[in-house]
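A.B. asks: need coordinates for the below:
(one chain, ligands or ions: 2)
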Amino acid sequence: MTADVVPPELLEIPSAQERRRLDRDLCAQLLDRLLRRLARQEALCRRVLGRLAQHFLSKRAHQRLGFVRLDDFARERLGLSGRELQELARVAQRLEALPALARTFAEGALSWSHLRLLVSVATPDTEAAWLARARDESVRALEAAIAAARGVPPDPDERTLDGEPRARFHLRCPRRVRRLWRHAAELASRMSGARLPAWRAAEAIAAEGLASDAADAVAQSDPLAPMRRDAAAPLSPAAWEAIAEALPEPVERLTLLADTADPFQLDARLRAAVRALQRIDFQIGRLLRLVAQLRLHRAFGLRAFPDYVRERLGCSCRKARALLALDRRLAELPALAAAYRDGALSLTRALVLLPVVHPDTEAAWVERAQQVTVRRLVDLVEWALEVEEPGHPAAPPPAEGMLVLPPVQMCARGADAEVRFAGPASVVALLRTAIRAFTPRGAPPWQGFERLLLHVAAEWERRPRHRDPIFERDGWRCAVPACTARASLHDHHVLYRSRGGDHARNNRVAICAAHHLNGIHRFRIRVHGVAPHDLTWQLGVRQGRPPLMVTHGDRYVQT
Ligand SMILES: [Zn+2]
Ligand SMILES: [Zn+2]
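C.D. replies: Ligands and ions are numbered 1, 2, ... in the order given. Next up is the predicted model:
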């Protein structure tokens with residue numbers, strides 16, 4: 001749909017030898033020019049997405065389409081987070097009240113980073129003053145100024161989680177301990193009623209462990225190591241020169257009469273805009289990797305690569321890191337590269353696949369990833385990582401059916417696995433503290449981790465809500481495909497009792513309250529078949545036309 005900005009020969013990955021022969025300055029100029037055009041296209045694409053998202057959100061269209069959570073819709077259909085969609089809509093909405101900002105952005109004189117910062121603080125009275133500031137200040141300086149003006153920490157989305165510095169947790173351990181960690185994290189999700197990221201599960205586990213008598217010898221003083229603050233880089237004011245770059249017309253046209261589009265049309269338009277965005281991102285990832293490898297940011301007097309991304313391109317550093325990680329692997333994975341570039345696989349699906357995919361198994365995984373929901377794909381990848389032997393990449397397990405783990409060998413070859421995640425520094429410190437409290441003197445830390453996890457899992461499994469046979473069977477998760485709700489589950493009869501359905505377990509299924517009341521019993525969702533493994537679902541049911549999607553379990557069915 002979108003014509004590529006980058007000529008095809010530049011999208012070829014140069015060999016190490018070719019890289020050595022490149023003229024750095026020339027290369028820097030060329031790549032920079034292309035990257036800035038791409039960044040501008042990306043920003044315009046985001047604006048289109050934002051306008052569509054605005055209408056989508058105001059109509060609560062995801063509910064009509066059979067989704068309870070915006071996040072589930074965004075992940076499954078667009079490969080974005082719900083938060084990102086809301087953020088895009090927020091920028092679009094604020095721009096309506098800020099004509100000077102809107103005009104300057106339309107002229108190509110504001111990067112997306114500048115724009116999203118400015119709309120968070122500017123009012124019709126102050127927008128001119130903020131714009132003047134944005135012209136001679138770096139994104140980083142502007143961010144600090146806005147934070148000071150609002151009295152909140154700078155941009156929580158960019159560098160930190162929950163407004164705190166990020167830290168990494170990493171522990172080598174036997175596989176059985178890693179499996180135990182996943183089990184405890186799963187229990188933590190159930191307890192909270194929502195899918196928790198690893199660091200949130202770690203927080204709950206550490207808190208539970210530290211609250212018990214088992215952790216008598218808790219180290220009292222485990223102060224948070226002071227985080228090294230980046231000294232403000234003396235950046236020359238990187239003024240954003242206007243870039244006149246138009247989006248291809250089909251993408252611009254997606255916003256036409258968007259206010260009258262129905263939820264199904266908005267879904268289709270959002271997906272088209274995301275596909276265009278992905279094509280741009282593929283090119284950005286490839287060129288950025290070259291900039292990073294050749295350290296071309298130095299040609300612009302910028303010390304670090306993230307400074308280049310933020311100041312010259314006005315892109316999110318987090319996004320750039322993801323694109324780089326993806327592109328690093330895509331060199332040896334042509335099928336995944338093609339599927340991602342053409343939009344057959346979303347960024348989310350591609351990133352989920354990365355840890356497990358290998359040149360030998362690539363084709364099978366790429367195919368499987370298009371057949372199932374994102375939540376099922378996550379399960380498949382976790383299973384494969386668990387059973388895979390070193391040097392033998394695992395093929396994808398079946399799209400449907402139970403995933404059974406082989407029994408753990410008790411004579412595991414020592415610490416041959418690892419647990420790692422990133423999260424707020426205080427959470428990592430908390431978990432380390434809890435582990436220490438459970439570690440016998442002189443023993444390796446993984447033994448403490450194992451004891452902590454065993455204790456917490458036993459504690460949580462004892463609690464009465466884990467006894468319902470239907471909920472237990474369905475994994476304490478709403479059975480509607482792509483739904484990640486774990487709270488307020490209802491026991492629904494597949495064939496209604498009023499129509500002769502019985503109370504046998506194979507006629508009952510766990511469904512979250514919102515899906516039960518707003519989905520099933522308002523006819524936006526339909527389910528028939530035999531629980532738990534032979535259920536066919538229709539989401540976004542409408543009269544006279546096929547539903548938005550049909551699945552058998554979490555596997556898509558062609559309609
Ligand atoms: Zn019901
Ligand atoms: Zn649900």
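A.B. asks: kindly report the residues of this structure close to ligand 2.
C.D. replies: 68, 478, 480, 483, 485, 512, 515 (Cβ under 5 Å from the ion). Bear in mind the C-beta positions are built from the backbone N, C-alpha and C, glycine included.
A.B. asks: ok, the third one - contacts?
C.D. replies: Spelled out, it's residue 480. Taking Cβ atoms under 8 Å, 6 or more residues apart in numbering, we find residue 480 in contact with 66, 68, 511-512, 515, 519, 525, 527, 537, 539.
A.B. asks: buried set for stretch 202-213?
C.D. replies: In terms of neighbour count (16 or more other Cβ atoms under 10 Å), stretch 202-213 has its buried residues at 202-206, 208-210.
A.B. asks: brain fart, stretch 309-325
C.D. replies: Neighbour-count burial for stretch 309-325, counted by 16+ other Cβ under 10 Å, picks out 309-317, 319-320, 322-324.
A.B. asks: SS state for residue 405?
C.D. replies: Following DSSP: H, G, I helix; E, B strand; the rest coil, residue 405 is assigned to coil.
A.B. asks: what sits against it?
C.D. replies: Taking Cβ under 8 Å, 6+ apart as the contact definition, residue 405 lies against 179, 383, 386-387.
A.B. asks: for the residue of the chain most remote from its centre, give me phi and psi.
C.D. replies: Here the chain reaches farthest from its C-alpha mean at residue 500, the gap being 42.8 Å by Cα atoms, centre = their mean. Dihedral angles of residue 500 (phi, psi; degrees, to the nearest 10) stand at phi 100, psi 0.
A.B. asks: from ligand 2, how far off is it?
C.D. replies: With the distance defined as Cβ to the ion, to the nearest Å, residue 500 ends up 25 Å from ligand 2.
A.B. asks: quick one: contacts for residue 486?
C.D. replies: With Cβ under 8 Å, 6+ apart, residue 486 has these contacts: 189-190, 192-195, 476-478, 512.
A.B. asks: by pLDDT, give me the weakest of the residues of the chain next to ligand 2.
C.D. replies: Within the set of those, pLDDT is lowest for residue 485 (81).
A.B. asks: phi, psi of it?
C.D. replies: According to degrees, to the nearest 10, residue 485 has phi -70, psi 140.
A.B. asks: pretty sure it contacts residue 474?
C.D. replies: No: using Cβ atoms under 8 Å, residue 485 is not in contact with residue 474, being 11.7 Å away.
A.B. asks: biggest helix in the chain, by residue count?
C.D. replies: Identified as the longest helix of the chain according to DSSP state H is helix 24-58.
A.B. asks: average model confidence for that helix?
C.D. replies: 90.
A.B. asks: show me what whatever helix or strand comes next after it packs onto, helices and strands only.
C.D. replies: As assigned by DSSP states H and E, the chain's next helix or strand after helix 24-58 is helix 61-64. Contacts defined by 3 or more Cβ pairs under 8 Å, 6 or more residues apart in numbering; DSSP states H and E place helix 61-64 against helix 70-73, helix 263-294.
A.B. asks: quick check: residue 65 vs residue 81, distance?
C.D. replies: 17 Å (Cβ to Cβ, to the nearest Å).
A.B. asks: between the two, which one's more packed in?
C.D. replies: The residue with more neighbours, out of residue 65 and residue 81, is residue 65; 24 against 14, by other Cβ atoms under 10 Å.
A.B. asks: what number of residues lie near the residue nearest to residue 540 when sequence neighbours are not counted?
C.D. replies: Closest residue to residue 540 apart from its sequence neighbours, by Cβ to Cβ, 6 or more residues apart in numbering: residue 548 at 2.8 Å. Counted by other Cβ under 10 Å, the residues lying close to residue 548 total 21.
A.B. asks: any weak-confidence spans in this protein?
C.D. replies: Flagging of the chain using pLDDT under 70 yields the residue ranges 1-3, 16-17, 19-22, 152-166, 211-247, 390, 407-413, 425-426, 463-467, 559.
A.B. asks: in it, which spans are strands?
C.D. replies: 166-173, 417-424, 489-493, 508-512, 525-530, 534-539, 549-552, 555-556 (DSSP state E).
A.B. asks: deepest of those strands, which one?
C.D. replies: Of the strands of the chain, the one with the most neighbours on average (mean count of other Cβ atoms under 10 Å) is strand 508-512, at a mean of 25.
A.B. asks: which residues touch that one?
C.D. replies: Residues contacting strand 508-512 (Cβ under 8 Å, 6+ apart): 68, 470-471, 473-474, 476-480, 483, 485-494, 519-520, 527, 531-532, 535.
A.B. asks: next, the angle from that strand to strand 525-530.
C.D. replies: Angle between the axes of strand 508-512 and strand 525-530 is 150 degrees (criterion: axes from the mean of the first three to the mean of the last three Cα atoms, to 10 degrees).
A.B. asks: distance from the chain centre to strand 508-512, please.
C.D. replies: Remark: strand 508-512 is offset 26 Å from the chain centroid, using Cα atoms, centre = their mean, to the nearest Å.
A.B. asks: list the strands paired with it, with their directions.
C.D. replies: Here strand 508-512 is paired, per DSSP bridges, with strand 489-493 (antiparallel).
A.B. asks: pretty sure residue 528 sits against residue 536.
C.D. replies: Yes: under the criterion of Cβ under 8 Å, residue 528 makes contact with residue 536 at 5.8 Å.
A.B. asks: between the contacts of residue 486, identify the one with the most neighbours.
C.D. replies: Highest neighbour count within the contacts of residue 486: residue 478, with 29 neighbours (other Cβ under 10 Å).
A.B. asks: distance check, that residue against residue 491.
C.D. replies: Counting by Cβ to Cβ, the gap from residue 478 to residue 491 is 12 Å.
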